[in-house]
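1. sharing a sequence plus its predicted fold:
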Amino acid sequence: MTVAQTRYGKVRGAEIADGVLCWRGIAYARPPVEALRFRPPQPPDPWAGVRDALEYGHRSLQPEPISDPQAPPTSEDCLYLNVTAPAGAAGRPVLFWLHGGGFEMGQGPHQAGDGVAFARSHGLVVVTVNYRLGALGFLEVPGEHPTGAAGLHDQIAALRWTHENIAAFGGDPDQITVYGLSAGAKSVTNLLASPLARGMIARAAESSGGDYVKDRAQGRALTERFLIELGSAPERLRAVPAADILSAQVAVAALPRSTWVWRASVDGAALTESPLTAIAGGSAAGVPLLLQTCAREAAMFALLASEAPGHTDRVLAGYFGQDAAAAMLAEYGADYPDLDETALRTVMMTDERYVAPTERLADAQAAHAPVWRSRYDGPYTGLEGELARYAHLLTAAHGGDGAGIWQGDADDDGTGLSGRLHDAWGALATTGDPGWAPYASAGRPAMIFAPKGPRVEADPFARPRAAWSGRTWQPGPWYPVDGVV
């Protein structure tokens, strides 16, 4: 049957592949417009009859660096999700996907598509989600409470909708695995830390995630700069056109300099303390967690903006002072004597942005549940359009594992690596174990997904963990942005 009964009304989907059903563009909240702009989402209004759920819902307003004629239009009215399930499914595990894009770009089906491969290979019910991005999702609005994390509240609302309704689509609400890549992965960290998501997550996985939120000083500075660009007072933020919100956002920083500007605040509701502190305290006790980073994460950013590695000295000096930054550079130089200055700083950028935060997350959660670590060393999967010509420069770069995980053998280049990735994630979602020894085992084992075949290696992250041990820092934008810290 392609008609499913939700708490709010009936929706009609379609068979999109042999034995696979899909429902697209289901509203999980009211449109976050007018009085609801910048505020936590509200449950959708119920409806009578049967609604067609055949087309993707609008994407959040976002910059458009690359034209995609097949992408849905952008709109402030963007709180929609999609469900894919094997025909006749009942009580099947659920994979809940949060897309990446730096909290300023993307949509639910990005990299995942409709999740057909997982529906077929592991019998999973797949949910992909849109949420508010950029200023609409993460601006701190003076006088509001909670504020600065509307996009995270959207994700929680979508997760709650899934928990309450997924049985009607053949899913088991007690077997929801949340998975995200990049900004989506950092969102998974936030969900594991959030008191509002507690009890709805059975398992979790991240690709290139860690702990990344803005502190009070960063939130205030970003709001001040945004309001200058908008040219409007805080009390008029709900009256100005949505297009003006996006224009002011881009004026603050455009891609690629806007990377890492937007992210959630600790707003006292969705997040009540830093995610790492909450997780170390047991906020996600009992939730198995798979954490993957790519071997050359920052190669992507060095390609998009060649000056990126050159900011390493300034960033480290801002965190730790000139002397400590120089000492770290010397330590890395001794550890990697064959690298030139640019390559060395690219490694340091990879470690600061992804590897070190992921190691700290692994340590925090391993006290409360099984944790698995892995590293992706393979080719960039799913490249198309303008970036395809740079595939040879993007081996093991940021985001390179995503399409392979989702598409499996369909995205393989002859190595079988994507199929192995796909099976590991499928095993986690169905059994709670991806298939190798947990991180807390002797020797801190990790799976290395390499072109010559996956292998388990003892503590491959020892160098970056030691280099950043004992250091504390509040991450900010990597690129200098006027008025933003």
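-> Happy to help now that I have it. Numbering: from 1, shown residues only.
2. next, Arg24: secondary structure please.
-> With DSSP: H, G, I helix; E, B strand; the rest coil as the basis, Arg24 sits in strand.
3. pretty sure it is touching Ala53, no?
-> Yes - judged on C-beta atoms under 8 Å, Arg24 makes contact with Ala53 at a distance of 5.5 Å. C-beta here means a position set from N, CA and C on the backbone, and glycine is covered the same way.
4. between those two, which contacts overlap?
-> Gly13 (C-beta atoms under 8 Å, 6 or more residues apart in numbering).
5. mind listing what Ser75 touches?
-> 58-61, 242.
6. how about these, which pair is most distant?
-> Arg59 and Ala242 (12.8 Å; C-beta to C-beta).
7. please identify which of the two sits among more neighbours.
-> Neighbour count, other C-beta atoms under 10 Å: between Arg59 and Ala242, Arg59 has more, with 25 against 16.
8. what values do phi and psi take at that one?
-> phi -80, psi 160 (degrees, to the nearest 10).
9. which residue is the nearest non-sequential neighbour of it?
-> Gln107 (4.2 Å; C-beta to C-beta, 6 or more residues apart in numbering).
10. can you count the residues close to that neighbour?
-> Gln107 has 26 nearby residues by other C-beta under 10 Å.
11. where does the prediction get shaky in this protein?
-> 65-68, 411-414 (pLDDT under 70).
12. rerun at 80
-> Filtered on pLDDT under 80, the chain yields the residue ranges 1, 65-70, 384-387, 410-415.
13. which residue is nearest the middle of it?
-> Closest to where the C-alpha atoms of the chain average out (C-alpha atoms, centre = their mean) is Gly184, at 1.0 Å.
14. which residues touch the closest residue to that residue other than its chain neighbours?
-> Spatial nearest neighbour of Gly184, excluding adjacent residues (C-beta to C-beta, 6+ apart): Leu98 at 3.5 Å. Leu98 is in contact with 129, 131, 155, 178-180, 183-185, 187-188, counting by C-beta under 8 Å, 6+ apart.
15. most neighbours among the residues you listed, which one is it?
-> Ranking those using other C-beta under 10 Å puts Tyr131 first, with 33 neighbours.
16. residue contacts, that one?
-> Contacts of Tyr131 (C-beta under 8 Å, 6+ apart): 60, 78-79, 98, 137, 151-152, 154-155, 158.
17. how about these in a markdown table, adding secondary structure and distance to Leu329?
-> A markdown table is the format used below for those (DSSP: H, G, I helix; E, B strand; the rest coil; distance: C-beta to C-beta, whole Å):
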| residue | secondary structure | distance to Leu329 |
| --- | --- | --- |
| Ser60 | coil | 39 |
| Cys78 | coil | 43 |
| Leu79 | coil | 45 |
| Leu98 | strand | 35 |
| Gly137 | helix | 36 |
| Gly151 | helix | 35 |
| Leu152 | helix | 35 |
| Asp154 | helix | 40 |
| Gln155 | helix | 37 |
| Ala158 | helix | 43 |
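18. nearest to Ala391, of those residues?
-> Nearest to Ala391, judged by C-beta to C-beta, of those is Leu98 at 25.6 Å.
19. distance of the closest one from Gly209?
-> Note on Leu98: its distance to Gly209, by C-beta to C-beta, to the nearest Å, is 10 Å.
20. closest to Arg120 among the contacts of Ser75?
-> Arg59 (26.4 Å).
21. specify the beta-bridge partners of the closest one.
-> Counting by DSSP bridges, Arg59 is bridged to Thr74.
22. direction included, what does the longest strand anywhere in the chain pair up with?
-> Longest among the strand segments of the chain by residue count, using DSSP state E, is strand 171-181. Counting by DSSP bridges, the strands paired with strand 171-181 are strand 92-98 (parallel), strand 203-207 (parallel).
23. TSV please, covering these and showing distance to Val355.
-> Formatted as TSV, those follow (distance: least, C-beta to C-beta, whole Å):
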stretch	distance to Val355
strand 92-98	21
strand 203-207	12
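24. tabulate the contacts of Tyr131 (JSON lines), appending distance to Ser265.
-> Listed next are these as JSON lines, based on distance: C-beta to C-beta, whole Å:
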{"residue": "Ser60", "distance to Ser265": "18"}
{"residue": "Cys78", "distance to Ser265": "20"}
{"residue": "Leu79", "distance to Ser265": "20"}
{"residue": "Leu98", "distance to Ser265": "18"}
{"residue": "Gly137", "distance to Ser265": "11"}
{"residue": "Gly151", "distance to Ser265": "10"}
{"residue": "Leu152", "distance to Ser265": "9"}
{"residue": "Asp154", "distance to Ser265": "14"}
{"residue": "Gln155", "distance to Ser265": "14"}
{"residue": "Ala158", "distance to Ser265": "19"}
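25. in those, which residue is surrounded by the most others?
-> Of the contacts of Tyr131, with other C-beta under 10 Å as the count, Leu152 tops at 32 neighbours.
26. got the contact list for that residue?
-> Leu152 neighbours (C-beta under 8 Å, 6+ apart): 131, 187, 190-191, 194, 264, 267, 270-271.
27. rerun at 6 Å
-> Each residue near Leu152 by C-beta atoms under 6 Å, 6 or more residues apart in numbering is listed here: 190, 264, 270.
28. SS state for the last one?
-> Think Ala270. Of the three states, Ala270 takes coil under three-state DSSP.
29. ok, Pro464 touching Met349?
-> No - using C-beta atoms under 6 Å, Pro464 makes no contact with Met349, being 11.4 Å away.
30. ok, how many other residues are close to Ala326?
-> Ala326: 14 neighbours (other C-beta under 10 Å).
31. hang on, I meant Pro256
-> Taking other C-beta under 10 Å as the criterion, the count of residues near Pro256 is 18.
32. and the gap between it and Gln107?
-> For Pro256, the distance to Gln107 - C-beta to C-beta - is 19 Å.
33. then Val261?
-> Applying C-beta to C-beta to Val261 and Gln107 gives a distance of 20 Å.
34. do Ala239 as well
-> From Ala239 to Gln107 the distance is 27 Å (C-beta to C-beta).
35. before we move on, what about Leu237?
-> Separation of Leu237 from Gln107 (C-beta to C-beta): 24 Å.
36. Arg160 too?
-> From Arg160 to Gln107 the distance is 20 Å (C-beta to C-beta).
37. what do you get for His145?
-> With distances taken as C-beta to C-beta, His145 is found 29 Å from Gln107.
38. tally of neighbours for the residue nearest to Ala364 when sequence neighbours are not counted?
-> Closest residue in space to Ala364, ignoring its immediate chain neighbours: Ala280 at 4.0 Å, by C-beta to C-beta, 6+ apart. The tally of other residues near Ala280 (other C-beta under 10 Å) stands at 18.
39. about what we covered before: beta partners of the residue nearest to Gly184?
-> Note on Leu98: beta-bridge partners Val129, Gly180, judged by DSSP bridges.
40. going forward, the N-terminal residue is numbered 43.
-> That works, and once the first residue is 43, the last one we named lands at Leu140.
41. what is the host helix or strand of Thr392 packed up against?
-> Using DSSP states H and E, Thr392 maps to helix 383-392. With contacts defined as 3 or more C-beta pairs under 6 Å, 6 or more residues apart in numbering; DSSP states H and E, helix 383-392 has these neighbours: helix 354-362.
42. neighbours of Cys336, how many?
-> 28.
43. could you give the bridge partners of it?
-> Tyr418.
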